[in-house]
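Visitor: below are the sequence and a predicted model for it; my questions follow.
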Amino acid sequence: MSAPSGVPSGATAQRLRTDADTVERDLAKLVLTVVELLRQLMERQALHRVDKGDLTEAQEERVGMTLMILQQRMEEMCARHDLRMEDLNLDLGPLGTLLSPAGSSAGSPVGPPSR
């Protein structure tokens with residue numbers, strides 16, 4: 001049997017799995033992935049503003065505290081749905097992964113860091 005058109009031979013196309021038992025967890029994973037992408041983008045923007053000196057010391061403190069709390073809530077939501085933060089990182093094939101590695105604020109949120 002040959003591979004479907006558009007799929008290199010030897011590669012298998014991933015099929016959408018529609019399991020009624022896991023639909024809630026899968027939906028939670030998708031939503032949490034989008035929220036984590038936005039959280040990382042907000043963190044990068046905040047770091048950029050700090051580096052430029054756009055924020056007062058009080059604003060830096062408030063942004064830092066808010067980002068820490070958001071990270072904690074993300075971890076709690078993942079645990080609630082039996083997910084790890086690593087589970088949220090989608091593989092985009094040749095583009096790399098969607099999210100930066102946990103704890104890393106370097107590079108872009110999509111794919112490998114630019115050079």
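Guide: Looks like it arrived, so ask away.
Visitor: ranges for the helices of this structure?
Guide: Applying DSSP state H to the chain gives helices spanning 23-52, 57-80.
Visitor: dump those helices into a markdown table; add distance to Leu88 as well.
Guide: Heads up, the C-betas are built off the backbone N, CA and C, glycines and all. Shown next, in a markdown table, are the helices of the chain (distance: least, C-beta to C-beta, whole Å):
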| stretch | distance to Leu88 |
| --- | --- |
| helix 23-52 | 4 |
| helix 57-80 | 7 |
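Visitor: quick check: pLDDT value at Ser9.
Guide: According to the prediction, Ser9 has pLDDT 49.
Visitor: what is the neighbour count of Arg39?
Guide: 18 (other C-beta atoms under 10 Å).
Visitor: quick one on the thing from earlier: now distance to Asn89 and mean pLDDT too, for the helices of the chain, in JSON lines please.
Guide: Output for the helices of the chain, formatted as JSON lines (distance: least, C-beta to C-beta, whole Å; pLDDT from 0 to 100):
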{"stretch": "helix 23-52", "distance to Asn89": "8", "mean pLDDT": "92"}
{"stretch": "helix 57-80", "distance to Asn89": "12", "mean pLDDT": "94"}
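Visitor: how close does Val63 get to Arg44?
Guide: 12 Å (C-beta to C-beta, to the nearest Å).
Visitor: quick one on the thing from earlier: now, of the helices of the chain, which is deepest in the fold?
Guide: Mean neighbour count (mean count of other C-beta atoms under 10 Å) peaks for helix 23-52 among the helices of the chain, with a mean of 14.
Visitor: give me the angle between it and helix 57-80.
Guide: 160 degrees (axes from the mean of the first three to the mean of the last three C-alpha atoms, to 10 degrees).
Visitor: which strands and helices lie in contact with helix 23-52?
Guide: helix 57-80 (3 or more C-beta pairs under 8 Å, 6 or more residues apart in numbering; DSSP states H and E).
Visitor: many thanks, I have nothing further to ask.
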